[in-house]
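In: my questions are about this predicted structure, shown below with the sequence.
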Amino acid sequence: MKTLRLLRAIALFAFLATLPCVYGAQPPSAVYPQQQGYVDAHGVLIYYVEFGQGPPLMVVHGGPGADHTYFLPWLLPLARTHRLVFIDERGSGQSERLQDLTQYTVENMVEDVEAVRQALGLGKMSLLGHSYGGVLAQAYALKYQQHLSHLILNSTFPSTRQMNEVLAHEKAQMPPDKLKRLDELEQAGLFGKGAPWEHGSYSSEYETLAWGWGYFPFLYGARPDASYTPASGAPTDWALYREMWGSDGEFVIDGNLRSVEYVDRLHTIHVPTLVLVGDHDECAPLLSREMHEKIAGSQLVILPNAGHMNFVDQPELWLKAVDGFLNSGSAE
């Protein structure tokens with residue numbers, strides 16, 4: 001008899017557990033454990049961190065030479081619906097540095113992305129690239145689009161030649177006295193100056209002129225980051241930056257990124273694609289419009305009162321566009 005009562009009690013408890021929460025009771029909080037590690041990508045150790053639940057979404061950062069941390073905490077809400085995978089590209093953040101600087105190329109970084117995808121068993125994944133990361137995402141899609149479910153190109157460019165024209169236009173908008181001094185510093189050469197420990201990077205004066213007076217108007221809109229300083233733009237590895245961007249200043253790309261000319265190939269991308277940009281983005285909206293026109297069926301979202309860091313400026317609108325696109329295949 002006692003056994004029968006016990007079985008009835010267990011059955012009642014199991015039934016009650018299936019009922020919706022009432023009287024203010026809350027469901028248990030979701031927990032998203034974080035995993036981090038390294039993938040050996042053809043002899044280069046690539047750092048990754050992942051968390052979240054759902055289909056995989058890999059995020060690649062800008063720079064070149066930044067790292068994944070500038071996306072956080074802004075992209076955290078995507079973890080509720082996606083397995084987020086952030087990487088630090090070769091030579092950046094916590095990934096391995098290389099002595100052979102010629103190995104810092106977009107093409108090699110494409111293979112790093114593919115190696116991480118395979119090593120983590122991501123299968124078909126979504127790929128989001130911001131700024132230079134958007135260049136990398138385009139290059140990956142042009143070679144490996146069969147491994148993509150969605151592609152998001154955020155504040156990026158498909159042509160270095162066109163981007164150099166944009167940069168020249170932005171430079172010309174600097175206050176005349178600041179522009180004059182910036183030109184003087186560039187003409188004198190930007191590296192090998194000052195104390196020995198300063199030889200490999202920009203001087204603080206040039207950082208203030210270029211990343212402050214020059215870039216800041218195109219970085220933020222509605223919500224400028226109060227903690228921003230011009231030095232925030234510094235790469236995590238200057239050797240990589242000079243190899244890829246160049247050594248002649250912020251307003252001309254003359255490193256190996258000169259090879260980035262994808263406009264005539266974008267029509268071959270048939271993955272669902274979202275092109276996202278701020279209305280006064282450093283990577284001007286006209287570049288995003290061109291990518292949208294070339295990629296059939298793509299969606300274009302221009303965020304109002306937003307610059308290059310549009311996920312900081314307009315976080316709700318940014319998340320709505322990205323989450324809506326990933327969950328429905330289109331953006332509102």
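Out: Cool, got the structure.
In: what segments of the stretch 101-250 of the chain are helices?
Out: Along the stretch 101-250 of the chain, the stretches classed as helices by DSSP state H, counting those that start in this stretch are 106-119, 132-144, 160-172, 176-188, 204-207, 216-219, 238-244.
In: so what touches the first one?
Out: By that I understand helix 106-119. The contact list for helix 106-119, computed with C-beta atoms under 8 Å, 6 or more residues apart in numbering, reads 39-42, 44, 46, 48, 58, 60, 85, 87, 89-90, 122, 125, 127, 135-136, 139-140, 143-144, 147, 256-257, 259-260. For every residue, glycine as well, the C-beta is placed using N, CA and C.
In: what about the stretch 201-332 of the chain, any weak spots by pLDDT?
Out: 329-332 (pLDDT under 70).
In: what about the spatially closest residue to residue 102 that is not a sequence neighbour, distance to residue 208?
Out: Once flanking residues are discounted, residue 102 sits nearest to residue 243: 7.5 Å by C-beta to C-beta, 6 or more residues apart in numbering. Residue 243 is 24 Å from residue 208, where distance means C-beta to C-beta, to the nearest Å.
In: same check, this time on residue 51
Out: From residue 51 to residue 208 the distance is 36 Å (C-beta to C-beta).
In: also residue 129?
Out: In terms of C-beta to C-beta, residue 129 sits 28 Å off from residue 208.
In: more crowded one of these two?
Out: The residue with more neighbours, out of residue 129 and residue 208, is residue 129; 26 against 18, by other C-beta atoms under 10 Å.
In: got a list of what that one touches?
Out: Residues in contact with residue 129, defined by C-beta under 8 Å, 6+ apart, are 59, 60, 135, 136, 137, 138, 152, 153, 154, 156.
In: so what's the closest residue to the fifth one other than its chain neighbours bridging to?
Out: Pointing back at residue 137 there. Nearest residue to residue 137, sequence neighbours excluded (C-beta to C-beta, 6+ apart): residue 129, at 3.0 Å. On the basis of DSSP bridges, residue 129 is bridged to residue 60, residue 153.
In: what's the answer for residue 85, then?
Out: Beta-bridge partners, per DSSP bridges, of residue 85: residue 50, residue 58.
In: how many other residues sit next to it?
Out: The burial count assigned to residue 85 is 25, neighbours taken as other C-beta under 10 Å.
In: for it, give its distance to residue 193.
Out: 40 Å.
In: to residue 314, which of the helices of the stretch 101-250 of the chain lies closest?
Out: helix 216-219 (13.2 Å; C-beta to C-beta).
In: tell me the buried residues in that closest one?
Out: If you call a residue buried by 16 or more other C-beta atoms under 10 Å, then helix 216-219 has these buried ones: 216, 218, 219.
In: closest to residue 98 among those?
Out: residue 219 (29.0 Å).
In: so that closest one makes contact with residue 232?
Out: No. Distance between residue 219 and residue 232: 9.3 Å, which falls outside the contact criterion (C-beta atoms under 8 Å).
In: contacts only, for the closest residue to residue 86 other than its chain neighbours.
Out: Of all residues not flanking residue 86 in the chain, residue 68 sits nearest, at 3.8 Å (C-beta to C-beta, 6+ apart). Listed by C-beta under 8 Å, 6+ apart, the contact partners of residue 68 are 49, 59, 61, 86, 87, 88, 93.
In: how near is residue 68 to residue 328?
Out: To residue 328, residue 68 is 26 Å away according to C-beta to C-beta.
In: likewise for residue 295?
Out: Distance from residue 295 to residue 328, by C-beta to C-beta: 18 Å.
In: these two - which one has more neighbours?
Out: residue 295 (25 against 10).
In: which residues does that one contact?
Out: By C-beta under 8 Å, 6+ apart, the contact set of residue 295 is 266, 267, 269, 273, 275.
In: at 10 Å what do you get?
Out: 138, 141, 151, 153, 158, 266-275 (C-beta atoms under 10 Å, 6 or more residues apart in numbering).
In: would you mind listing which of the residues you listed are buried?
Out: Buried among these (16+ other C-beta under 10 Å): 138, 141, 151, 153, 158, 266, 269, 271, 272, 273, 274, 275.
In: pretty sure the second one sits against residue 127.
Out: I take that to be residue 141. Yes. Look at residue 141 against residue 127 with C-beta atoms under 10 Å: they come within range, at 7.2 Å.
In: what touches both of the two?
Out: Common neighbours of residue 141 and residue 127 (C-beta under 10 Å, 6+ apart) are 147, 148, 151, 153, 271.
In: what sits against the fourth one?
Out: For residue 153, the residues meeting the contact criterion (C-beta under 10 Å, 6+ apart) are 127-130, 133-135, 137-138, 141, 266, 269, 273-277, 283, 287-288, 291-292, 295, 298, 300.
In: quick check: residue 82 touching residue 54?
Out: Yes. Between residue 82 and residue 54 there is a contact under C-beta under 10 Å: 4.5 Å.
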